[in-house]
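S.K.: Fold the following.
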Amino acid sequence: MHQKYVLITGTSSGIGAATVRLLAESGFTIFAGVRTELAFQQWQQYHHAQIIPLQLDVTQNTAIEDACKEIAKTVGENGLYALINNAGSCIGTATELFDEADAKHLMETHFWGMAKLCKACIPLLRKYVQTSGSSARIINIGSAGSISSFPFIQFYNAAKFAILGFTESIRFELAPQNIYCSAILPGAVKTEIWNRAEESITNTLQQLTPEGALLYHDNIVSALQLSNKLENNGLSSKSAALVYKKVLESRKPRLKYFIGADSKLMHWMVRFLPDSLRHAIINFQLKFKKTL
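M.R.: From the prediction side, this is the model:
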């Protein structure tokens, strides 16, 4: 029986870390990709035979190349069973105030890092298919923000929309090779990413000019309050990790998996309501003020 090796990025905390632990306890061998030396050392100290820590900054080409060489050396002729592109970050700001370097880094993390890892790992996934006579998996992590946007996190939404489109395209492309591609679209989950978004939004509020404060302050605060409310009612990382495991073990995975009642509700709204009504519902919750 072939060993099921899985590479997961963004595993220092949140859903990524919970998924590593769950899958390792379920018999998978996990390459736990992390960006920092501290996170790498934390996984080393975890001392689990099924977890292989891997320092992997998905925004750096050399890091991707080095990581994939190490994976190839470890898996040998067995190949790689699955790639889960989970690394992510979030910034919150008004569009006329965004920092280009921050926005580009977000897109590098969410989209280009994902795309480059898919490119690098496809030969390893194909090797698993060839030697096992079975199928392999690519799972890209979008969000409810892949189908419906939220104000002041425009680059996060742009990246998540791109992830879903990319995943659907390669699903057609790689299905003839028995590599199944899926996107998991979580709603509110209690993870560190929203703390980072809140820090970014707080920084934006502090830098507003008097004119900018009149235009944006109250509405940014309203959006942040709604986001915090959703997060407080969100799923745990462990609950989300169970869906990751479900997709890995599914004989024929679907394209899209929605996690959480809010994500499923948004999917229903996008499918069955006109945009004008969906926007009216979101605007009612946001309670934005006219500023001009």
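
S.K.: Do a quick rundown of the helices in this protein.
M.R.: Taking DSSP state H as the criterion, the chain carries its helices at 14-25, 37-46, 61-75, 100-107, 113-132, 154-174, 192-207, 210-212, 218-232, 237-249, 261-272, 275-286.

S.K.: roughly how far apart are P176 and M269?
M.R.: Distance of P176 to M269, given as CB to CB, to the nearest Å: 34 Å. Any C-beta I mention is one placed from the backbone N, CA and C, and that applies to glycine too.

S.K.: rank the helices of the chain by pLDDT, which is bottom?
M.R.: Per-segment mean pLDDT for those reaches its minimum on helix 192-207, at a mean of 80.

S.K.: And the contacts of that helix?
M.R.: For helix 192-207, contacts defined as CB atoms under 8 Å, 6 or more residues apart in numbering pick out 13-14, 88-94, 97, 102, 152-153, 156, 217, 220-221, 224, 227-228, 231.

S.K.: go on, stretch 247-262?
M.R.: Residues from elsewhere that reach stretch 247-262, judged by CB under 8 Å, 6+ apart: 4, 6, 23, 28, 81-82, 137, 139, 144, 164, 167-168, 171, 180-189, 230, 233-235, 239-240, 243, 246, 264, 267.

S.K.: Each with direction, which strands does the lengthiest strand in the chain pair with?
M.R.: What stands out as the longest strand in the chain, according to DSSP state E, is strand 179-186. Under the criterion DSSP bridges, strand 179-186 sits next to strand 136-141 (parallel), strand 256-259 (parallel) in its sheet.

S.K.: Tabulate these in a markdown table, adding columns for mean neighbour count.
M.R.: Formatted as a markdown table, the strands paired with strand 179-186 follow (neighbours: other CB atoms under 10 Å):
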| stretch | mean neighbour count |
| --- | --- |
| strand 136-141 | 25 |
| strand 256-259 | 21 |
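
S.K.: Include mean pLDDT and distance to Q55 when you put those strands into JSON lines, please.
M.R.: Listed next are the strands paired with strand 179-186 as JSON lines, based on pLDDT from 0 to 100; distance: least, CB to CB, whole Å:
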{"stretch": "strand 136-141", "mean pLDDT": "98", "distance to Q55": "20"}
{"stretch": "strand 256-259", "mean pLDDT": "96", "distance to Q55": "28"}
